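Participant: output the structure for:
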Amino acid sequence: MKLLTSICLALLFSVGASATVPEIVVEAPSELEATAQRLRVIDSQKLAGIVELVGLAEPGAPIRVILAPEGSETASTAPTWVSGYAYGSLGVVVLFPERSPSYPDSTLAELLRHEVAHVLVARAAGGQPVPRWFNEGLATLAADVWRLNDRSRLAATLVFQGEIAIAEVERLFTGERSDIARAYAISSAFVRDIALRYRQDAIARVLHLVSIGVPFDDAFLRGTGRTVLQAERSFWRRHSFWYRWFPIISSSVTGWTFITLLFLLAAWRKRRLIEEQKRRWEEEERWIGEAEVEQLAGGSEDPVRPN
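Facilitator: Numbers count the residues shown, from 1 in each chain. Predicted coordinates:
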């Protein structure tokens, strides 16, 4: 399943080779210039793939990327666990390179793609609002960062909380950090599912319809052929077993738990056998004792041991 998904996504993004690459202008203080240089040579094909994914014929004006050092006024206004954010309508991305990129991204390059995707989504939607689950899920898909921990979060959500409505995911984005992590996992899996299950340009069609004033729910129906609720039910129905049980069954923790249970079962059976053998010995000794008493009382036959 993982291999099939990877192949499908590779085909999905391969069309980006013919798309125009957005111009990225990286601004940084002198102490972050080395980092800025690395970001200026980011994989252009992946950026072009995002342009194609959201349905833009042209990526628009250059995207301004600001690298803010710790201790700066910009850094002091953002929570310490936030490593970047975007002003989609302004075409501005702010990154904090000295912070370890946090979930759902793990490298600075992935974080940059994620935030650039927010800018391109805003442009594709014509500045019109789209639900956060769609925006964040699409940005995570664009950053190509779906990993084992995402599947684990989704599995944990299913096991301990059950299926969560996409409308509820919007609320999770405003909750605690653990809620936000679950929201990212669900939204990225759902948008990924949309990109793989429906027509290839479904996401681009949805954003285009939003850009011309069609409400998002109607745009989603016209772009995918299903309502959000129908797509949501289909997603949970197909993913429920796989994500509820497979990560648990296949995890190392489960493996060691299973081995431990086998060991305990073997120990229990061995103890039962020992206790059974002791019981038989006691019965045998008691029977022999009774037979010897009878023999002393006048019996002539030797006692026969029971089987």
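Participant: where do the strands of this structure begin and end?
Facilitator: Applying DSSP state E to the chain gives strands spanning 24-27, 63-67, 84-87, 92-95.
Participant: how about the ones you listed in TSV, adding distance to G55 and mean pLDDT?
Facilitator: The C-beta positions use only the backbone N, C-alpha and C, and glycine is treated the same way. As requested, the strands of the chain are exported to TSV (distance: least, CB to CB, whole Å; pLDDT from 0 to 100):
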stretch	distance to G55	mean pLDDT
strand 24-27	20	96
strand 63-67	17	97
strand 84-87	19	95
strand 92-95	20	97
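Participant: next, format those as a markdown table and append distance to W236 and mean neighbour count.
Facilitator: Shown next, in a markdown table, are those (distance: least, CB to CB, whole Å; neighbours: other CB atoms under 10 Å):
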| stretch | distance to W236 | mean neighbour count |
| --- | --- | --- |
| strand 24-27 | 37 | 16 |
| strand 63-67 | 35 | 21 |
| strand 84-87 | 29 | 20 |
| strand 92-95 | 33 | 22 |
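Participant: which one of those strands lies closest to D193?
Facilitator: Closest to D193 of these is strand 84-87 (CB to CB; 23.9 Å).
Participant: neighbouring strands of the closest one in the sheet, and parallel or not?
Facilitator: Strand pairing for strand 84-87, using DSSP bridges, gives strand 92-95 (antiparallel).
Participant: what residues does the strand it pairs with touch?
Facilitator: By CB atoms under 8 Å, 6 or more residues apart in numbering, the list of residues contacting strand 92-95 from outside reads 63-68, 74, 78, 83-87, 108, 111-112, 115-116, 118-119.
Participant: just to revisit the earlier point, got the strands of the chain as TSV, with distance to Q230 columns?
Facilitator: Compiled in TSV, those are given as follows (distance: least, CB to CB, whole Å):
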stretch	distance to Q230
strand 24-27	38
strand 63-67	35
strand 84-87	31
strand 92-95	34
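Participant: go through those strands and name the closest to I194.
Facilitator: strand 84-87 (21.5 Å).
Participant: for the stretch 1-150 of the chain, give me the ranges with low pLDDT.
Facilitator: Within the stretch 1-150 of the chain, the stretches with pLDDT under 70 are 1-19, 102-106, 145-150.
Participant: identify the residues contacting the residue nearest to L39 when sequence neighbours are not counted.
Facilitator: Nearest residue to L39 in three dimensions, chain neighbours excluded: V26, at 5.2 Å (CB to CB, 6 or more residues apart in numbering). Contacts here follow CB under 8 Å, 6+ apart; on that basis V26 touches 36, 39-40, 65, 67.
Participant: mind redoing it with 6 Å?
Facilitator: By CB atoms under 6 Å, 6 or more residues apart in numbering, V26 lies in contact with 36, 39-40, 65.
Participant: how far away is I212 from I50?
Facilitator: As judged by CB to CB, to the nearest Å, I212 and I50 stand 21 Å apart.
Participant: can you give me the helices in the protein?
Facilitator: 2-14, 33-40, 44-54, 73-76, 108-124, 132-143, 148-161, 166-172, 177-197, 202-211, 216-224, 228-250, 252-296 (DSSP state H).
Participant: buried residues, the shortest one. List them.
Facilitator: In terms of neighbour count (16 or more other CB atoms under 10 Å), helix 73-76 has its buried residues at A75.
Participant: make 259 the first number, not 1, from now on.
Facilitator: Okay, residue one is now 259; in that scheme the one you just asked about reads as helix 331-334.
Participant: format the CA atom coordinates belonging to that helix as CSV.
Facilitator: C-alpha atoms of helix 331-334 as CSV (Å, rounded to 0.1, in the frame of the first residue of the first chain):
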residue,chain,number,x,y,z
GLU,A,331,11.3,40.9,17.5
THR,A,332,9.7,38.6,14.9
ALA,A,333,10.8,35.4,16.7
SER,A,334,9.6,36.8,20.1
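Participant: helices or strands next to it in the packing?
Facilitator: For helix 331-334, there is no helix or strand it packs on, judged by 3 or more CB pairs under 6 Å, 6 or more residues apart in numbering; DSSP states H and E.
Participant: what distance do you get for the closest residue in space to H376 that isn't next to it in sequence to A441?
Facilitator: In space, H376 comes closest to A344 once its chain neighbours are excluded; the distance is 4.0 Å by CB to CB, 6+ apart. For A344, the distance to A441 (CB to CB) stands at 17 Å.
Participant: below-threshold pLDDT in the stretch 409-558 of the chain: ranges please.
Facilitator: 409-420, 498-518, 520-521, 525, 528, 535-536, 539-558.
Participant: before I go, just wanted to say thanks for your time.
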